[in-house]
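Undergrad: predicted model follows, preceded by the sequence.
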Amino acid sequence: MIPIETLKHTLQMLNEEHRALDEDITRCMNQPLYDQLAVQRLKKKKLKLKDQILTLKMKLIPDIIA
């Protein structure tokens, strides 16, 4: 089992990368003639990061028996 502190650190790093990708996408799209393929790739990478973030968050939340 991975220590909670390691999961939290990884989660923080993924959140920072997610925000950075968001800024990159915004910056690219503000250019008059931007590369749509590059923006699509950035968005796909951002979506994968979001999935990883959600997975880590689920690992950090303890199971609650209803």
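TA: Yep, that arrived.

Undergrad: where do the helices sit along the protein?
TA: 4-29, 36-60 (DSSP state H).

Undergrad: how close does Glu16 sit to Lys48?
TA: Noted for Glu16: a distance of 15 Å to Lys48, by C-beta to C-beta, to the nearest Å. C-beta coordinates here come from the backbone N, C-alpha and C atoms, glycine included.

Undergrad: leaving out sequence neighbours, find the closest residue to the residue nearest the centre of the chain.
TA: In the chain, the centroid-proximal residue (C-alpha atoms, centre = their mean) is Leu49; its distance is 3.1 Å. Computed as C-beta to C-beta, 6 or more residues apart in numbering, the closest residue to Leu49 that is not its neighbour in sequence is His18, at 4.7 Å.

Undergrad: read off the pLDDT value for the one you found.
TA: Listed pLDDT for His18 reads 98.

Undergrad: can you tell me how far it is from Lys8?
TA: Going from His18 to Lys8 by C-beta to C-beta gives 15 Å.

Undergrad: those two: who's more crowded?
TA: Taking neighbours as other C-beta atoms under 10 Å, His18 and Lys8 compare with His18 leading, 17 against 12.
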